[in-house]
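> Coordinates for the following, if possible.
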Amino acid sequence: MPVDPSPEERFVALEHAAAALALTPDEIVTLVHEGHLRAAALGSPARWRIDRDSVDAYVEARIEDARRAALWRQSQAASFPELWGRGELRHDD
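Residues are numbered from 1 along each chain as shown. Predicted coordinates for the structure are as follows:
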């Protein structure tokens, strides 16, 4: 099991990022290839190192997605009067 990196380290080991996000290392590599996480293959032999700030940004983006989805579900459950107020309807004859 990897040791938790110190706060001043820019990169974390692939295994640490996977454990922090409750994902497999292969899923982390997929997120790197899809551009969701920044990473570099460093060292000899080369091993993935994941940018710590991109992990934080990824988590924040997932939190925002969940927040927006919850608001959307709430708006779909609300009736129009609840959304737009109970103003009087006018008929111009």
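
> residue ranges with poor pLDDT in the protein?
Residue ranges of the chain with pLDDT under 70: 1-8, 76-93.

> now do 90
Residue ranges of the chain with pLDDT under 90: 1-9, 42-43, 67-93.

> most centrally placed residue in this structure?
R62 (2.7 Å; CA atoms, centre = their mean).

> That one and E27: what is the separation?
As judged by CB to CB, to the nearest Å, R62 and E27 stand 13 Å apart. Heads up, the C-betas are built off the backbone N, CA and C, glycines and all.

> all strands in this structure, in order from the N-terminus.
Remark: strands assigned in the chain by DSSP state E are 11-13, 39-42, 47-51.

> Let me see the contact set for the residue nearest to the centre of the chain.
Contact criterion CB atoms under 8 Å, 6 or more residues apart in numbering gives no residues in contact with R62.

> Any chance of TSV for the strands of the chain, columns mean neighbour count?
Shown next, in TSV, are these (neighbours: other CB atoms under 10 Å):
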stretch	mean neighbour count
strand 11-13	19
strand 39-42	14
strand 47-51	20
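
> Which of those sits closest to H33?
strand 39-42 (9.4 Å; CB to CB).

> distance of I63 from D26?
With distances taken as CB to CB, I63 is found 24 Å from D26.

> Dump the C-alpha coordinates for stretch 33-43 into CSV.
In CSV, the C-alpha atoms belonging to stretch 33-43 read as follows (Å, rounded to 0.1, in the frame of the first residue of the first chain):
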residue,chain,number,x,y,z
HIS,A,33,-6.5,9.1,-21.3
GLU,A,34,-9.9,10.7,-21.4
GLY,A,35,-8.4,14.0,-20.1
HIS,A,36,-10.2,14.0,-16.7
LEU,A,37,-6.9,13.7,-14.7
ARG,A,38,-3.5,15.1,-15.5
ALA,A,39,-0.6,12.7,-15.1
ALA,A,40,2.9,11.8,-16.3
ALA,A,41,4.9,8.6,-16.6
LEU,A,42,7.9,9.4,-14.5
GLY,A,43,11.0,7.6,-13.3
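
> residues making contact with that stretch?
Applying CB under 8 Å, 6+ apart, the contact partners of stretch 33-43 are 11, 14, 17, 28, 31-32, 47-51, 53-55, 58.
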